[in-house]
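[1] Need coordinates for the below:
(one chain, ligands or ions: 3)
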Amino acid sequence: MEITLTSAAQSLSLSRSSVPSTSLISKFTPISSLSFTNFATTKQFSVRRRLIRRQNCLIKVQASTDGAITANQEQNDDFILEDVPHLTDFLPDLPACPNPLKKSQAYAIVKRTFVSPEDVVAQKIVVQKDSPRGKHFRRAGPRAKVYFQPEEVRACIVTCGGLCPGINTVIREIVCGLKDMYGVGEILGIQGGYRGFYSKNTIQLTPKSVNDIHKRGGTFLQTSRGGHDTNKIVDNIQDRGINQVYIIGGDGTQKGAAEIYKEVERRGIKVAVAGIPKTIDNDIAVIDKSFGFDTAVEEAQRAINAAHVEVESVENGVGIVKLMGRYSGFIAMHATLASRDVDCCLIPESPFYLEGQGGLFEFIEERLKENSHIVIVLAEGAGQEYVAQSLHAADEKDASGNKLLLDVGLWLTQKFKDHFTKVRKMGINMKYIDPTYMIRAVPSNASDNIYCTLLAQSAVHGAMAGFTGFTVGPVNSRHAYIPISRVTEAQNTVKLTDRMWARLLASTNQPSFLNSEVVQENS
Ligand SMILES: Nc1ncnc2c1ncn2[C@@H]1O[C@H](COP(=O)(O)OP(=O)(O)O)[C@@H](O)[C@H]1O
Ligand SMILES: O=P(O)(O)OC[C@H]1O[C@](O)(COP(=O)(O)O)[C@@H](O)[C@@H]1O
Ligand SMILES: [Mg+2]
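    Numbers count the residues shown, from 1 in each chain. Ligands and ions are numbered 1, 2, ... in the order given. You can find the predicted model right below:
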C-alpha cells in the first residue's frame, strides 16, 4: 500500500539543520492533511507506520486505526518526535493482540491502564512563551495492543560493562514483570556479558530464582568487557529462538545493542531489542540520572567522612578520597555537595594546576593555616593528562577499548608530599582513601530499587508492544522510549557553566582554575 504525499505533506517544514543525523524524526500530521489510499481499512486494528523520505530526512508518519491520529501539523510545525523503531517497520504484517494486562487484577482498576499512543515526553521543559515545541520522546508504559503472545515469548537478559548498584534489581524486575504482568515463562540469563551469547550456556530465570537478588550488589549474571561480535550474537539469538533481548549496560553496551538491533532488522527476524542504561558514572546522555548513582553517592559519604575524621584528628591532615568517574565527575561533584566536609573537588571536566597563584598548592596551604586540615575529593579521570605527562605513560585500553586510567590519587599524594615537605618544609599528614570499587559494589538503596523497577517494567512493556532498538529512561522525571543512538552519540558530562558546578564552587570556595577560554570550550 502506497502513501501519496499531498500538498499538506509538502508543507512539512523540517529544516536539515534541525535534524539529528542518527535518529528518526517524526512529524505528527493529522490524517486529514495527508492522503493515504485505503489507509484505515486494509489492516484493521494495527498501528500503521509509514516512512516517507523527503529532502534526505526520514519523516515518520503515524496513524492508528482506532482513530488516534497524533497531534496537529498545522499548529505544531516545530513539534518533533524522536521516535523509536517498531517491529512492524520491517515486518509490516505482524499481527497484534489485546494486552493481557487489561485483565490483570492489579491493573484493572487503573484509570488509564494503557499509555495513549499520543503521549510524549518533552526533552526540554523550561520554555518561554514563544519557544518552539522542540523534541519529544515516546512515553514509556503498557500499550493496548501487544505484538507477542505470552506463550510465544522467549526472552533473554544480559549485563555488560562495569558494575553498578541495582543491576540485580533490574534483572529481577524484568523476570517478574514478564511473568507477573504478561504471563511469560521462558526467560534466559546470558552469562558473562556479550560473549556469553556464544561462549556459555544460558540459565533459566524464574521469579523464584531471582527472588532475593536485589539485596545483593554486583550482577547475578556476571559481566565482562569486550567480546562483542554482532554476527555471532545474532546467530545465537536465532539458534536459541530468542525473540526479546534485554541488554543492561553503559554507553559501550548500548552501542553494541544498536548493532544487534540493526542486524536483527537486516535479517528481518521478529526480535525486540531493549536497552536499559547502566553506569555508575552517570555519563549517559538524555536521561535524568542513571540507576545506582544515588546509592554510590551515598556510599561515597562514608569514605569522605572517614577521611574527614582522620585529618581532623591530626596536625596538617590532608585527606584525598578518589571516587569513580572516568570522563564525568558527577559522583565527585554530588558527593562533595552532599558532604559539606570537602574543601576541594577535582573532576575530569575541570582542568587544574598545582603551582603558582590560584593553584592547588597555594589553596591547600591557606586551608591548612585556617583549619589545620583539608579534604580533597578526586574523580579518577581528573588530571589524567598531567599524570601521563609526568609518568611518561603510554595509552592503555581495556578489552572494550576504554582508556585505562592512571592513579591520579597516588600521583597527587606524592606531589603534595614533595611540595610541602621538601619545598615548603611543612610536615603534612597524608591520608589517601581509594573506595572506588566499594561505592559501586553495594546493593542499591530504596529509591534506586524503585527506579530500577520502573526501568525494567518500562522495558518489558516496550518490547511486548513491539518497540525495538530502544533505550528506556526518565526524561524530566517521566519514563520514555529513546532511540539508542541518542544516548550513545554524546556523553553526559558536568558542565562547568551550569549552576550545579557554581553551587559546588560556592560550597567549597575552592579556586575555579578557570580562565574564559576553558569556560568557552566546556560550554
Ligand atoms: N562501539 C561498540 N560497538 C559494539 N559493542 C561495543 C562498543 N563499545 C563497547 N561495546 C561492547 O559493550 C560491552 C560493554 O562495554 P564497556 O565500554 O566495557 O562498558 P559500558 O557498556 O558500561 O560502557 C563490551 O562487551 C564491549 O565489547
Ligand atoms: O575496573 P573496571 O571494572 O574496568 O571498571 C572501572 C571503570 O568502570 C567505571 O565505573 C565505568 O564503567 P562503565 O563504562 O561500565 O560504566 C569507571 O568509573 C571506571 O573507570
Ligand atoms: Mg562506559
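[2] Please make it C-alpha for all contacts and neighbour counts, starting now.
    Will do.
[3] quick one: what helix or strand has Tyr246 in it?
    strand 244-249 (DSSP states H and E).
[4] Kindly report the same for Val375.
    Element membership for Val375 (DSSP H and E) is strand 373-379.
[5] Equivalent analysis for Gln191, please.
    Under DSSP H and E, no helix or strand contains Gln191.
[6] same deal with Gly473?
    Here Gly473, judged by DSSP H and E, is contained in strand 470-475.
[7] CA atoms of that strand as PDB?
    Output in PDB follows, covering the C-alpha atoms of strand 470-475 (Å, rounded to 0.1, in the frame of the first residue of the first chain):
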ATOM      1  CA  PHE A 470      15.200   1.500  22.100                       C
ATOM      2  CA  THR A 471      16.700   2.600  25.400                       C
ATOM      3  CA  VAL A 472      14.400   3.400  28.300                       C
ATOM      4  CA  GLY A 473      14.900   6.000  30.900                       C
ATOM      5  CA  PRO A 474      13.500   9.100  32.700                       C
ATOM      6  CA  VAL A 475      13.400  12.400  30.800                       C
END
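[8] lowest-confidence helix or strand of the chain?
    Taking mean pLDDT, DSSP states H and E as the measure, the helix or strand of the chain with the lowest value is helix 39-42, at a mean of 27.
[9] which residues does Cys160 contact?
    Cys160 is in contact with 192-194, 223-225, 247-250, 253, counting by C-alpha atoms under 8 Å, 6 or more residues apart in numbering.
[10] Can you narrow those residues down to the ones near ligand 1?
    Among those, the residues that sit close to ligand 1 (C-alpha under 6 Å from any ligand atom) are 194, 225, 249-250, 253.
[11] of these, closest to ligand 3?
    Nearest to ligand 3 among these is Gly250, at 5.0 Å by C-alpha to the ion.
[12] Please name the nearest non-neighbouring residue to the closest one.
    Take Gly250 and drop its neighbours on the chain: the residue closest to it by C-alpha to C-alpha, 6 or more residues apart in numbering is Lys278, 4.7 Å away.
[13] in the sheet, who's paired with that neighbour?
    With DSSP bridges as the criterion, Lys278 is bridged to Phe291.
[14] Number of residues surrounding Ala388?
    A count of nearby residues for Ala388, using other C-alpha atoms under 10 Å, gives 17.
[15] who does the helix or strand where it lies touch, helix- and strand-wise?
    For Ala388, the host element (DSSP H and E) is helix 384-391. For helix 384-391, the packing partners by 3 or more C-alpha pairs under 8 Å, 6 or more residues apart in numbering; DSSP states H and E come out as helix 408-417.
[16] Between helix 408-417 and the strand holding Val375, find me the angle.
    Here strand 373-379 points in a direction 150 degrees away from that of helix 408-417 (axes from the mean of the first three to the mean of the last three C-alpha atoms, to 10 degrees).
[17] Where do the strands of the stretch 401-523 of the chain begin and end?
    For the stretch 401-523 of the chain, the strands defined by DSSP state E, counting those that start in this stretch cover 429-433, 470-475, 478-483.
[18] Close to ligand 2: what parts of the stretch 301-450 of the chain are there?
    So the stretch 301-450 of the chain meets ligand 2 at 324-326 (C-alpha under 6 Å from any ligand atom).
[19] Sitting in strands, which of those residues do you find?
    Per DSSP state E, strands hold no members of those.
[20] mind giving me CSV with these and columns for neighbour count and pLDDT?
    Output for these, formatted as CSV (neighbours: other C-alpha atoms under 10 Å; pLDDT from 0 to 100):
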residue, neighbour count, pLDDT
Met324, 24, 96
Gly325, 24, 96
Arg326, 20, 94
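[21] which one of the residues you listed is nearest Ser444?
    Distance to Ser444 across these (C-alpha to C-alpha) is lowest for Met324, with 16.4 Å.
[22] Point me to the residue of the stretch 251-400 of the chain nearest ligand 3.
    The stretch 251-400 of the chain approaches ligand 3 most closely through Asp251 (4.8 Å), counting by C-alpha to the ion.
[23] Give me the number of neighbouring residues for that residue.
    Asp251 has 22 neighbours, counted by other C-alpha under 10 Å.
[24] give the contact list for it.
    277, 279, 284, 487-488.
[25] Mark out where each domain of this structure begins and ends.
    Residue ranges for the domains of the chain, per the TED database: 87-290+444-488, 293-442.
[26] ok, and which of these has the densest surroundings?
    With neighbours defined as mean count of other C-alpha atoms under 10 Å, those peak in mean count at domain 87-290+444-488, which reaches a mean of 21.
[27] ends of that domain, how far apart?
    22 Å (C-alpha to C-alpha, to the nearest Å).
[28] cool, and stretch 203-210?
    12 Å.
[29] Determine how far it lies from the middle of the whole chain.
    Stretch 203-210 has its average C-alpha position 26 Å from the chain's average C-alpha position, going by C-alpha atoms, centre = their mean, to the nearest Å.
[30] With stretch 136-143 instead?
    Here stretch 136-143 is found 16 Å from its chain centre; the criterion is C-alpha atoms, centre = their mean.
[31] Export only the CA atoms of stretch 400-411, formatted as PDB.
    Below are the C-alpha coordinates for stretch 400-411, written out as PDB (Å, rounded to 0.1, in the frame of the first residue of the first chain):
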ATOM      1  CA  SER A 400      36.100  -2.700  25.400                       C
ATOM      2  CA  GLY A 401      38.500   0.000  24.200                       C
ATOM      3  CA  ASN A 402      38.000   2.300  27.200                       C
ATOM      4  CA  LYS A 403      41.100   4.200  28.300                       C
ATOM      5  CA  LEU A 404      42.800   2.700  31.300                       C
ATOM      6  CA  LEU A 405      43.300   5.400  33.800                       C
ATOM      7  CA  LEU A 406      46.500   6.200  35.700                       C
ATOM      8  CA  ASP A 407      46.200   6.500  39.500                       C
ATOM      9  CA  VAL A 408      45.800  10.300  39.900                       C
ATOM     10  CA  GLY A 409      45.300   9.800  43.700                       C
ATOM     11  CA  LEU A 410      48.700   8.300  44.200                       C
ATOM     12  CA  TRP A 411      50.300  10.800  41.900                       C
END
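[32] Flag every residue of the chain that's near ligand 1.
    Residues of the chain lying close to ligand 1 by C-alpha under 6 Å from any ligand atom are 160-162, 194, 225-228, 249-253, 255-256, 279, 400, 402.
[33] wait, Gly249 sits on Gly161?
    Yes. Assessed by C-alpha atoms under 8 Å, Gly249 is found in contact with Gly161 at 6.0 Å.
[34] What segments of the stretch 101-250 of the chain are helices?
    Using DSSP state H, counting those that start in this stretch, the helices of the stretch 101-250 of the chain run over 167-176, 182, 196-199, 230-239.
[35] is the first one anywhere near ligand 2?
    Meaning helix 167-176. No. Judged by C-alpha under 6 Å from any ligand atom, helix 167-176 and ligand 2 are separated, with a smallest distance of 11.7 Å.
[36] quick one: average confidence on the very next helix or strand once past that helix?
    Next along the chain after helix 167-176, taking DSSP H and E as the criterion, comes helix 182. In this model, helix 182 has a mean pLDDT of 96.
[37] I'd like the distance from helix 182 to the chain centre, please.
    Here the centre of helix 182 is set off from its chain's centre by 26 Å, with C-alpha atoms, centre = their mean.
[38] What is it packed up against?
    Against helix 182 (3+ C-alpha pairs under 8 Å, 6+ apart) you get no helix or strand.
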